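> no FASTA, just this:
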Ligand SMILES: Nc1ncnc2c1ncn2[C@@H]1O[C@H](COP(=O)(O)OP(=O)(O)OP(=O)(O)O)[C@@H](O)[C@H]1O
């Protein structure tokens with residue numbers, strides 16, 4: 001059984017089938033890309049995976065447990081965290097605070113801990129601070145941990161978003177267009193960075209329009225068009241797939 005199994009998921013908005021019986025299988029430690037023309041249904045699929053949308057039909061099984069239709073916070077706790085197409089950091093908070101916010105999702109404080117700032121509370125806070133620094137170190141942002149997020153260069157903001165997703169303890173990271181708005185140097189750096197995440201054991205699923213990134217980084221690719229899966233396979237197979245080429249060339253983008 002695959003680590004993440006997406007079985008025949010469907011999302012209907014009124015008369016529109018935005019995602020139509022799409023199935024995916026993702027193994028631990030893979031980098032999977034989901035591609036397709038604008039409006040294909042990629043973001044809707046991510047929104048179902050992360051609990052933003054309920055499913056009209058289908059199932060999502062993570063590590064043998066159904067997670068479809070759980071609230072987003074429960075899905076993060078189950079081990080699946082995301083970044084967004086448009087960066088959503090807390091700009092007026094410091095870099096380390098952005099990471100600490102992500103970590104709170106898995107911290108269980110009781111009423112007395114919070115009220116009396118117990119020794120347990122202080123120890124947990126100190127531990128979390130340490131882990132946050134380690135995450136930032138691993139991501140190359142330790143020296144900027146006291147900067148305000150909004151003052152970081154664009155590439156660093158993307159990294160910080162990923163750091164925040166990691167800080168939730170997630171094993172699967174869903175990255176929504178991580179290379180959007182990056183210059184070739186930045187996207188090259190990002191590519192290497194995502195590979196290091198995979199080497200550390202993370203499973204990565206990304207939506208990406210930059211074909212250079214997709215072809216260089218993916219173990220496997222799924223292609224969606226008009227809500228339907230039209231192809232899946234190795235990058236070399238996808239690059240030569242007639243249906244995929246038609247789906248892209250058939251649009252004026
Ligand atoms: N909340 C919604 N209500 C109604 N229709 C929606 C909603 N969200 C998405 N859609 C429609 O579903 C279809 C798929 O959209 P989606 O954003 O998932 O595509 P996409 O592949 O992510 O596109 P892009 O690459 O442009 O981000 C589109 O026709 C879109 O207009």
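In hand now; what should we look at? Since the structure is predicted, the reported quantities are computational estimates derived from the model, not experimental observations. Numbering: from 1, shown residues only.

> Give the helix, strand or coil label for the residue lying closest to residue 197 once chain neighbours are set aside.
Nearest non-adjacent residue to residue 197, counting by C-beta to C-beta, 6 or more residues apart in numbering: residue 204, 6.2 Å away. Heads up, the C-betas are built off the backbone N, CA and C, glycines and all. Taken by DSSP: H, G, I helix; E, B strand; the rest coil, the conformation at residue 204 corresponds to strand.

> Can you report phi and psi for residue 19?
phi -130, psi 130 (degrees, to the nearest 10).

> Can you name the residues bridging to the spatially most central residue of the chain?
With distances taken as C-alpha atoms, centre = their mean, residue 174 lies nearest the centre of the chain, 1.6 Å away. Beta-bridge partners of residue 174, counted by DSSP bridges, are residue 82, residue 205.

> just checking, it touches residue 203?
No - assessed by C-beta atoms under 8 Å, residue 174 is found out of contact with residue 203, at 9.7 Å.

> shared neighbours, those two?
Residues touching both residue 174 and residue 203 (C-beta atoms under 8 Å, 6 or more residues apart in numbering): none.

> Quick check: nearest residue in space to residue 165, chain neighbours excluded?
Spatial nearest neighbour of residue 165, chain neighbours left out: residue 81 (4.0 Å); criterion: C-beta to C-beta, 6+ apart.

> List the contacts of that neighbour.
Neighbours of residue 81 in contact, by C-beta under 8 Å, 6+ apart: 102, 165-166, 168, 170, 172-174.

> Just the buried ones from the residues you listed, in ChimeraX syntax?
In ChimeraX, a selection of the buried entries from these looks like this (16 or more other C-beta atoms under 10 Å):
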select :102,165,166,168,170,172,173,174
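
> Among the contacts of residue 81, which one lies nearest to the ligand?
Distance to the ligand, by C-beta to the nearest ligand atom, is smallest for residue 174 among the contacts of residue 81, at 12.5 Å.

> which residues touch the closest one?
Contacts of residue 174 (C-beta under 8 Å, 6+ apart): 46, 49-50, 80-83, 165, 205-206.

> Please, where are all the helices along this structure?
Ranges of helices within the chain are 42-49, 72-78, 95-103, 111-116, 119-138, 154-167, 184-199, 211-217, 235-239, 242-249, based on DSSP state H.
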